[in-house]
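Novice: Let me see the structure of the following:
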Amino acid sequence: MAIDKIQSESINLADNFAFTGTVTGAGGVNTPAFHVYESSSQTVSANTYTKVTLNEELYDTNNNFASDRFTPTTAGKYFIYGNIHLDGASYPTHLETAIYKNGSIIARNFTAQSSATVYGNKIISTTVDMNGSSDYVELYGKLNYAAGNNYFVGGQKDKFFGGYKIIT
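Specialist: Next up is the predicted model:
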């Protein structure tokens, strides 16, 4: 059935349609997009937001990720996410993961802890408008603790950062 023949009839969206020719105005692409990770652990200082080091790319569709930051060259709204696996050996009172835009926090995930040894993932996500030229986002983490060997655990499943353009 040709689409131009459906004027007063309703379309059952549960049906399957075989189109010939070109369908326009449907769908879109979610690029630029990136997903990066770091296989090495990263030692962090107490009570300080620390930028997460990420140097291995799973994908970076437009080569917009460099120096631990994503700077898309296409303006639009972006879904941004990150995860840090925290390992604190000396009783941190809280753990934080934050997404920064242009050097300032735009989203933060905070958890208070009450055990002497802390292990855990801190995942965060947000949406953000990007101008396509100078705006950038970065992933940060923070451990509040007194002393000890505390670090962000490295690994593809433990320390990662990514995002993609939302179709609007």
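Novice: I'd say Glu56 and His35 touch.
Specialist: No: taking contacts as C-beta atoms under 8 Å, Glu56 lies outside contact range of His35: 10.0 Å. C-beta here means a position set from N, CA and C on the backbone, and glycine is covered the same way.
Novice: which one of the two has more residues nearby?
Specialist: Each of Glu56 and His35 has its neighbours counted (other C-beta atoms under 10 Å); His35 has more, 19 against 14.
Novice: What residues are recorded as beta-bridge partners of the more buried one?
Specialist: Tyr59, Gly162 (DSSP bridges).
Novice: ok, it touching Gly162?
Specialist: Yes: the pair formed by His35 and Gly162 meets the contact definition of C-beta under 8 Å, at 3.7 Å.
Novice: who does the nearest residue in space to Val52 that is not next to it in sequence bridge with?
Specialist: Excluding the flanking residues, the one nearest Val52 by C-beta to C-beta, 6 or more residues apart in numbering is Leu139, at 4.4 Å. Taking DSSP bridges as the rule, Leu139 bridges to Ile99.
Novice: Please tell me the pLDDT value assigned to Leu139.
Specialist: pLDDT for Leu139: 96.
Novice: and the strand or helix carrying Arg108, C-alpha only, in CSV?
Specialist: Per DSSP states H and E: Arg108 is located in strand 104-112. What follows is strand 104-112, C-alpha atoms only, in CSV (Å, rounded to 0.1, in the frame of the first residue of the first chain):
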residue,chain,number,x,y,z
SER,A,104,32.8,23.2,36.6
ILE,A,105,30.7,20.4,38.1
ILE,A,106,27.3,19.9,36.3
ALA,A,107,26.5,16.5,37.9
ARG,A,108,27.6,14.7,41.0
ASN,A,109,26.9,11.4,42.6
PHE,A,110,27.6,11.1,46.4
THR,A,111,27.6,8.1,48.7
ALA,A,112,28.4,8.1,52.4
